[in-house]
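> Build the 3D model from these lines:
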Amino acid sequence: MNNKRPAYHRGLTISLAAIFLLAILGGVGWADNRWHNGSVGLDDDRQNLHLPFLGVGMQMPLLPPTPAPPKPHPGLPLNGFTTDDFSGPMICNNCHSALQDESGTDVTNATQWRATMMANAAQDSFWLAKVSDEIARNPELAEVIEATCSRCHMPMAYTQAIANGQKPKIFGDGFLNPANALHDAAMDGVSCTLCHQIQLDNLGQPASFDGHFVIDTSTNPPNRLLFGPYPDPDMMWQMIMRSGSQYTPVQGSHLTGSAFCATCHTLYTPFVDDDGHEQEFPEQTPYLEWLHSDYADGRELEAQCQDCHMPLADGQVTLFPGAPAREPFFQHSFVGGNTFMLKIFQANVEEMNLRASTADFEASIQRTLAQLQNQTAEVKLLQLEKEEGLIRAVVQVQNKTGHKFPTSYPARRAWLHITLRDARGEPVFESGRALSYGGILDNDNDLDSENYEPHYDVVTSPDQVQIYEAIIGDGEGEVTYTLLDAEQYVKDNRLPPIGFDKATANPDIAVAGGAATDANFVGGSDTVTYEMPVAAAGPFTVQVELMYQSLSFASMQDLRQTETTYVQDFGALYDSADKTPVIVDSVEATLP
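Numbering: from 1, shown residues only. Have a look, this model is predicted:
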């Protein structure tokens with residue numbers, strides 16, 4: 001693993017991108033005897049790993065952990081803080097509560113929001129660990145890292161601090177400290193009065209990326225504008241809201257467009273090239289990927305981020321007793337793909353002082369699973385045939401999202417797990433088995449953190465695994481996990497969305513590695529051929545699963561090199577968590 005700190009870090013003064021908007025997850029442990037609670041095959045119950053920072057030839061158990069079910073807890077009440085420019089969601093919920101759609105479903109904004117990654121952005125223990133890790137590796141940049149990373153994970157506290165003429169700070173006496181005047185605003189993550197105050201200015205333009213949304217902090221209550229998707233309410237309802245919330249409601253249709261989300265979900269990190277010039281690395285770019293797809297404005301499949309991540313309620317919703325019913329109503333579920341971190345939250349509601357109940361988190365987890373398994377990707381078995389001593393399976397994976405899958409933070413990965421069984425049900429070929437500690441059997445990146453699995457068009461051996469992922473490299477093309485060392489993608493075969501032309505894609509969203517020249521890797525899908533040698537008699541059964549994981553094993557092990565309190569805390573949470581990946585889709589067929 002590359003741990004070199006380039007000389008430019010000593011003098012870097014440019015403002016970092018808001019690099020850590022991660023709705024993501026963390027770590028792994030390997031010495032827990034609780035894993036030794038069963039039996040597996042004699043030859044495959046361990047896997048040797050080469051981790052330069054831990055030692056060569058480490059053996060990792062494959063048996064799954066058995067975490068206890070979460071203890072029910074109601075969570076803390078909604079926050080009712082106020083600052084000069086922001087208010088907590090309790091104030092909004094005083095009026096906008098007990099909302100139901102026409103089917104009778106509870107669509108109350110705060111109820112759904114409070115158990116999302118958005119609401120808990122500041123509580124995300126992986127994010128805190130990763131920020132502390134980058135600071136430990138680049139201590140001379142601590143001030144700018146803390147300021148820019150809080151811009152999207154603690155945006156109300158960040159914006160208020162700037163308006164007050166203060167330096168945003170996370171650690172020490174910063175926002176995490178309960179004695180800090182902006183602590184409550186910080187810990188509420190991405191909340192109501194943050195998003196609904198974002199102005200139209202520069203949306204969709206590079207000037208708005210990296211968390212550079214615009215909020216007017218020059219106005220005073222009750223003249224602060226709060227934007228919503230509906231026409232301006234009449235004077236009576238305006239007066240009620242001005243009195244109850246100290247904000248004035250006005251229409252702002254920009255809240256329903258993808259460019260609105262792009263402010264924090266298009267992120268660049270800085271580096272300095274060999275000539276001493278400041279450059280930027282595209283750390284996560286779902287908005288730009290969407291622009292290059294058939295889902296973009298004016299294209300055949302036009303759809304906005306909100307269409308998938310804020311699904312519509314059934315029919316009209318009355319936002320306040322006596323008020324006119326509104327439609328469409330975007331649910332504030334902010335559903336993504338991060339079941340792992342949501343489960344950590346659910347298991348630690350009391351310990352982490354969270355403001356959602358275990359039941360709220362369960363509902364959010366189920367919505368996330370439904371999104372992953374119904375709206376994300378599909379696996380098809382296009383061809384299955386037997387030749388002399390060989391079974392050939394042609395597998396196609398189709399991306400159903402409007403961006404790459406996986407997208408955003410480059411530690412996420414999806415992969416194909418294929419198993420061929422004989423007439424007795426015994427496996428005769430298997431590629432891509434998930435391991436309990438977070439790894440993938442025979443994945444080069446998990447076995448040796450300085451290496452990675454290439455992209456495949458044809459798989460002929462069980463130790464070849466088709467993994468859809470982004471691997472970042474430094475200026476010399478060596479694998480790195482430190483964001484401030486990142487200069488390029490040495491591999492990016494994440495599945496592109498429909499309509500994505502890899503030949504004309506902007507370099508910031510380009511396909512990298514073997515997939516770039518694979519004619520079967522195109523916008524919307526990838527087709528892989530498996531040639532599996534067999535000696536046993538049929539019939540044979542083939543099962544193909546598309547697996548998803550929010551954090552790669554090697555990325556977490558790199559994080560563990562830095563022994564900050566936040567890394568250790570997250571490591572403990574991860575060690576006790578179930579690291580079973582999500583099965584996004586699967587298909588099975590039998591060959592006589």
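
> Burial check on A503, number of neighbours?
Neighbours of A503 under the rule other CB atoms under 10 Å: 7. (C-beta placed from N, C-alpha, C; glycine too.)

> Phi, psi for it please.
The phi/psi pair for A503 (degrees, to the nearest 10) reads phi -70, psi -30.

> and what of S103?
The phi/psi pair for S103 (degrees, to the nearest 10) is phi -90, psi 0.

> Show me the strands in the stretch 1-150 of the chain, by range?
Ranges of strands in the stretch 1-150 of the chain, per DSSP state E, counting those that start in this stretch, are 46-51, 55-61.

> How is the chain divided into domains?
As given by automatic domain parsing, the domain ranges for the chain are 89-257+304-336, 376-591.

> Compare those and give me the one nearest N348.
Among the domains of the chain, the nearest to N348 by CB to CB is domain 376-591 (6.8 Å).

> Find the residue ranges of this protein scoring beneath the pLDDT cut-off.
Along the chain, the parts satisfying pLDDT under 70 run over 1-66.

> mind running it again at 50?
Applying pLDDT under 50 to the chain flags residues 1-46, 52-58, 61-64.

> so what does whichever helix in it runs longest touch, helix or strand wise?
In the chain, taking DSSP state H as the definition, the longest helix is helix 358-375. Where contact means 3 or more CB pairs under 8 Å, 6 or more residues apart in numbering; DSSP states H and E, helix 358-375 is packed against helix 109-113, helix 339-347, strand 582-591.

> For G432, find the nearest of those.
Nearest of the helices and strands packed on helix 358-375 (CB to CB): strand 582-591, 11.7 Å.

> partner strands of that closest one, parallel or antiparallel?
Strand 582-591 has its sheet partners listed here by DSSP bridges as strand 540-549 (antiparallel).

> now the helix or strand following the strand it pairs with, how far from the chain's geometric center?
For strand 540-549, the following helix or strand on the C-terminal side (DSSP states H and E) is helix 553-559. Put simply, helix 553-559 sits 16 Å off its chain's centre (CA atoms, centre = their mean, to the nearest Å).

> could you dump helix 553-559 to PDB, C-alpha only?
The C-alpha coordinates for helix 553-559 follow below in PDB (Å, rounded to 0.1, in the frame of the first residue of the first chain):
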ATOM      1  CA  PHE A 553     -12.000  -4.700   2.900                       C
ATOM      2  CA  ALA A 554      -8.700  -3.100   1.800                       C
ATOM      3  CA  SER A 555     -10.100   0.400   2.300                       C
ATOM      4  CA  MET A 556     -11.000  -0.400   5.900                       C
ATOM      5  CA  GLN A 557      -7.700  -2.000   6.600                       C
ATOM      6  CA  ASP A 558      -5.900   1.100   5.400                       C
ATOM      7  CA  LEU A 559      -8.100   3.200   7.700                       C
END
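
> what's the neighbour count on I145?
When neighbours are defined as other CB under 10 Å, I145 has 22 of them.

> Same question for the one 5 residues further on.
Burial of S150 is recorded as 29 neighbouring residues (other CB under 10 Å).

> give me the element R392 is part of.
strand 390-399.

> chain center to that strand, what's the gap?
Counting by CA atoms, centre = their mean, strand 390-399 comes out at 27 Å from the chain centroid.

> Would you mind pulling up the elements that the helix or strand just after it packs against?
Using DSSP H and E, the helix or strand that directly follows strand 390-399 along the chain is strand 413-421. On a contact count with 3+ CB pairs under 8 Å, 6+ apart, strand 413-421 meets strand 390-399, strand 427-431, strand 467-473, strand 525-533, strand 540-549.

> Sheet-wise, list the partners of strand 413-421 with their directions.
Applying DSSP bridges, one finds strand 413-421 paired with strand 427-431 (antiparallel), strand 467-473 (antiparallel), strand 540-549 (antiparallel).

> ok, and for the helix or strand just after the second one, which residues are buried?
Using DSSP H and E, the helix or strand that directly follows strand 467-473 along the chain is strand 488-492. In terms of neighbour count (16 or more other CB atoms under 10 Å), strand 488-492 has its buried residues at 488-492.

> Show me which residues of the longest helix of the chain are buried.
358-365, 367-369, 371-373.

> Include distance to L291 when you put those residues into a markdown table, please.
Putting the buried residues of helix 358-375 into a markdown table (distance: CB to CB, whole Å) gives the following:
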| residue | distance to L291 |
| --- | --- |
| T358 | 39 |
| A359 | 38 |
| D360 | 34 |
| F361 | 33 |
| E362 | 35 |
| A363 | 32 |
| S364 | 29 |
| I365 | 31 |
| R367 | 27 |
| T368 | 25 |
| L369 | 28 |
| Q371 | 22 |
| L372 | 24 |
| Q373 | 27 |
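
> Kindly tell me how buried E300 is, as a neighbour count.
By other CB under 10 Å, 10 other residues sit near E300.

> Please name the residues that touch it.
Taking CB atoms under 8 Å, 6 or more residues apart in numbering, we find E300 in contact with 294, 499.

> what about the helices in the stretch 151-300 of the chain?
Counting by DSSP state H, counting those that start in this stretch, the stretch 151-300 of the chain has helices at residues 155-163, 183-187, 192-195, 235-245, 258-265, 286-291.

> As TSV, those helices with mean neighbour count and distance to L203 would be great.
Shown next, in TSV, are the helices of the stretch 151-300 of the chain (neighbours: other CB atoms under 10 Å; distance: least, CB to CB, whole Å):
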stretch	mean neighbour count	distance to L203
helix 155-163	25	15
helix 183-187	24	23
helix 192-195	23	12
helix 235-245	15	24
helix 258-265	24	4
helix 286-291	24	10
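
> got JSON lines for these, with distance to L128 too?
Shown next, in JSON lines, are those (distance: least, CB to CB, whole Å):
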{"stretch": "helix 155-163", "distance to L128": "14"}
{"stretch": "helix 183-187", "distance to L128": "12"}
{"stretch": "helix 192-195", "distance to L128": "19"}
{"stretch": "helix 235-245", "distance to L128": "31"}
{"stretch": "helix 258-265", "distance to L128": "17"}
{"stretch": "helix 286-291", "distance to L128": "23"}
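
> what about dumping the CA coordinates of stretch 452-470 to PDB?
Listed next in PDB are the C-alpha coordinates belonging to stretch 452-470 (Å, rounded to 0.1, in the frame of the first residue of the first chain):
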ATOM      1  CA  TYR A 452      -6.500  -5.200  -7.400                       C
ATOM      2  CA  GLU A 453      -8.700  -7.500  -9.500                       C
ATOM      3  CA  PRO A 454      -8.700  -6.600 -13.200                       C
ATOM      4  CA  HIS A 455     -11.900  -6.200 -15.300                       C
ATOM      5  CA  TYR A 456     -12.900  -9.400 -17.100                       C
ATOM      6  CA  ASP A 457     -14.700 -10.100 -20.300                       C
ATOM      7  CA  VAL A 458     -14.200 -13.800 -20.000                       C
ATOM      8  CA  VAL A 459     -13.800 -15.700 -16.700                       C
ATOM      9  CA  THR A 460     -12.100 -19.100 -16.900                       C
ATOM     10  CA  SER A 461     -10.900 -19.700 -13.300                       C
ATOM     11  CA  PRO A 462     -12.600 -19.500  -9.800                       C
ATOM     12  CA  ASP A 463      -9.900 -17.100  -8.600                       C
ATOM     13  CA  GLN A 464     -11.000 -14.500 -11.300                       C
ATOM     14  CA  VAL A 465     -13.800 -12.300  -9.800                       C
ATOM     15  CA  GLN A 466     -15.700  -9.700 -11.800                       C
ATOM     16  CA  ILE A 467     -15.900  -6.700  -9.400                       C
ATOM     17  CA  TYR A 468     -17.400  -3.400 -10.400                       C
ATOM     18  CA  GLU A 469     -15.500  -0.800  -8.500                       C
ATOM     19  CA  ALA A 470     -13.300   2.300  -8.600                       C
END
